[in-house]
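Student: what shape does this take:
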Amino acid sequence: MDKACHFFINNEAYSFNVGGDFFWGENKLLFEEEDNIISKMAWKDDGFTIVKAFFEDEFLKLKESVEYNIIKAIRISGVSFDEASFTLEKYHNVVNTDQLHQQVIQTTRNLENRDFDFHVDTLVERFGDVLGYRLTSWIEELQKSHIQIRISRPNTLDINPLHRDGYLSYWENIINVWVPIEGCNEHSSLPVLPGSHLIRENEILRTQAKGAEINGNMYYVPGIVETAKGDIDLVRPNPKPGEALIFTPYLIHGAAINSNSNITRVSLELRFPKLET
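Tutor: Model prediction:
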């Protein structure tokens, strides 16, 4: 069954169809207000903030590693192109069909620390200092680290549905880290719904995990299409290069439509669990 998901990003209206079996949840709050990963933060009621993430040449080194992984993924998909002149912002000129794009992201969605010429645990320590908790990059349930490159071509549905990562068991007790790499601006950065981690489940209409479909693609995360709170008014925090957006996994986010006319948006997603003591 298809349902239209209507929402606003920075006061601009958007809509797309989400397929799936939809239901209202139980009368409970999944976000634990005591001793959660953002419980020591002044911004805990918003559920997100922007922090300085990189110093000196760290960001450039990470960006080069992201570009290397994308070029490698395009090569694996069988596309012939001039690697020397390739740029991230013009990715859509090389990967110019939905089918090719799906082939590329099959590789870029499941990367690990070892795939990057960058010491990811530097960020683990840095964000742990910010949050006041010890973190790790190791995802125990997955038995590996996990890094995902997000690639969103202009004016496409290269997006996730609105969702909460915390619905998936391996993301229940993590900090989400979203890093802009290329083409991230007020028209393309990741939208979030401020304070939505405090919305109870019986006020959210969603699918089960692996039950949301957009444009023929099935997603691991449950898709949210409506809340009992009224209009879904998302904002784009829009961190600058060298910064990161960090947020609780129970914050509603996604639907990161790239409204730029001719620029591909590339970002990096990391998830760091809180170490239990």
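Student: mind picking out the helix or strand in this structure with the poorest mean pLDDT?
Tutor: strand 217-219 (a mean of 92; mean pLDDT, DSSP states H and E).
Student: after that one comes which helix or strand?
Tutor: Per DSSP states H and E, the first helix or strand lying C-terminal to strand 217-219 is strand 224-227.
Student: ok, then the element right after that following strand?
Tutor: strand 233-234.
Student: how far away from the center of its chain is the least confident helix or strand of the chain?
Tutor: For strand 217-219, the separation from the chain centroid amounts to 15 Å (computed by CA atoms, centre = their mean, to the nearest Å).
Student: and it, which strands flank it?
Tutor: Taking DSSP bridges as the criterion, strand 217-219 forms sheet pairs with strand 212-214 (antiparallel).
Student: chain center to the partner strand, what's the gap?
Tutor: Its chain's C-alpha centre and that of strand 212-214 lie 16 Å apart, by CA atoms, centre = their mean.
Student: cool, stretch 240-257 as well?
Tutor: With CA atoms, centre = their mean, you get 6 Å for stretch 240-257.
Student: buried ones in the least confident helix or strand of the chain?
Tutor: Within strand 217-219, the residues scored as buried using 16 or more other CB atoms under 10 Å are Tyr219. Yep, even glycine has a C-beta here, placed from its N, CA and C like the rest.
Student: wait, what's in contact with Arg75?
Tutor: Neighbouring residues of Arg75 by CB atoms under 8 Å, 6 or more residues apart in numbering: Glu83.
Student: at 10 Å instead, please
Tutor: Contact analysis of Arg75 by CB atoms under 10 Å, 6 or more residues apart in numbering lists 81, 83, 104, 107.
Student: how many residues are close by the third one?
Tutor: To tie it back to what came earlier, the one meant is Val104. When neighbours are counted by other CB atoms under 10 Å, Val104 registers 22.
Student: which element is it on?
Tutor: Going by DSSP H and E, Val104 is part of helix 98-108.
Student: residues of the helix or strand that comes right after that helix that come out buried?
Tutor: Downstream of helix 98-108, the next assigned helix or strand under DSSP H and E is helix 120-131. Under the neighbour-count criterion of 16+ other CB under 10 Å, helix 120-131 has 120-121, 123-124, 126-128, 130-131 buried.
Student: which one among these gets closest to Thr97?
Tutor: Proximity of the buried residues of helix 120-131 to Thr97 (CB to CB) peaks at Val120, which lies at 32.0 Å.
Student: same for the helix or strand Val266 falls within, what does it pack against?
Tutor: Element membership of Val266 [criterion: DSSP H and E] is strand 265-273. For strand 265-273, the elements it packs on are helix 58-76, helix 91-94, helix 120-131, strand 147-152, strand 174-182, strand 243-247, judged by 3 or more CB pairs under 10 Å, 6 or more residues apart in numbering; DSSP states H and E.
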